[in-house]
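J.: quick one, fold the following:
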Amino acid sequence: MDQKKLAIIATKGSLDWAYPPFILASTAAALGYETQIFFTFYGLQLLKKDLSLEVTPLGNPGMPMPMGMDKWFPVILTALPGMQAMMTMMMKQKMKAKGVASIAELRELCIEAEVKLIACQMTVDLFDMDRKDMLDGVEYAGAAAFFEFAGESDICLYI
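T.: Residues are numbered from 1 along each chain as shown. All right, here's what the predicted structure looks like:
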């Protein structure tokens, strides 16, 4: 029987959107899947050596708010200066208290499990990103190269 394959396309670069691709990829690799994540557009932020990810409360109505704020706190107020930093701090504290691994730890798990991390070359060029700012071992390829793998995968996810 052929090894199962998981292809993930990661397009978001915020703290709350960083978890799904790394959790799913590391879990799939642990289950024996050959796994690749193709990082494009804002998802490329997740491949930087120095992470400075924040939560995106604005425009995220499903985000649970502390102290029942989702019931009484108008969504528009999440756009106030400092709110994103405050929400990020609160989320990081909650994750630490619950024993949730950091993004850096999850990335390392993926690397150890031989998940292939692919940066979209076109987007790297578009945003004038410097390869020296990216994790070691990241591969650079275009969408066509990723589709060769994704076309043969058992599961393909867009996150």
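
J.: so which bits of stretch 7-23 are buried?
T.: If you call a residue buried by 16 or more other CB atoms under 10 Å, then stretch 7-23 has these buried ones: 7-19, 21-23. (Glycine included, C-beta is placed from N, CA and C.)

J.: Q36 pairs with what?
T.: Listed beta-bridge partners, Q36: A7, K116 (assigned using DSSP bridges).

J.: surely it meets E148?
T.: No - with contact defined as CB atoms under 8 Å, Q36 does not count as touching E148 (10.1 Å).

J.: tell me which of those two has more neighbours.
T.: Neighbours per residue (other CB atoms under 10 Å) separate Q36 from E148, with Q36 holding more: 23 against 9.

J.: tell me who's in contact with the more buried one.
T.: Q36 makes contact with 5-8, 115-118, 146, 149-150 under the criterion CB atoms under 8 Å, 6 or more residues apart in numbering.

J.: what's the nearest residue to the spatially most central residue of the chain if we skip its chain neighbours?
T.: The centroid of the chain falls nearest to A18 when counting by CA atoms, centre = their mean (2.6 Å). Among residues not flanking A18 along the chain, I103 sits closest, at 4.8 Å (CB to CB, 6 or more residues apart in numbering).

J.: tally of neighbours for the one you found?
T.: A total of 17 residues lie near I103 under the criterion other CB under 10 Å.

J.: so it makes contact with L53?
T.: Yes - counting by CB under 8 Å, I103 touches L53, with 6.5 Å between them.

J.: residues in contact with both of the two, list them for me.
T.: 15, 18, 46.

J.: of these, which is the nearest to M129?
T.: Checking these against M129 with CB to CB, the nearest one is L46 at 12.3 Å.
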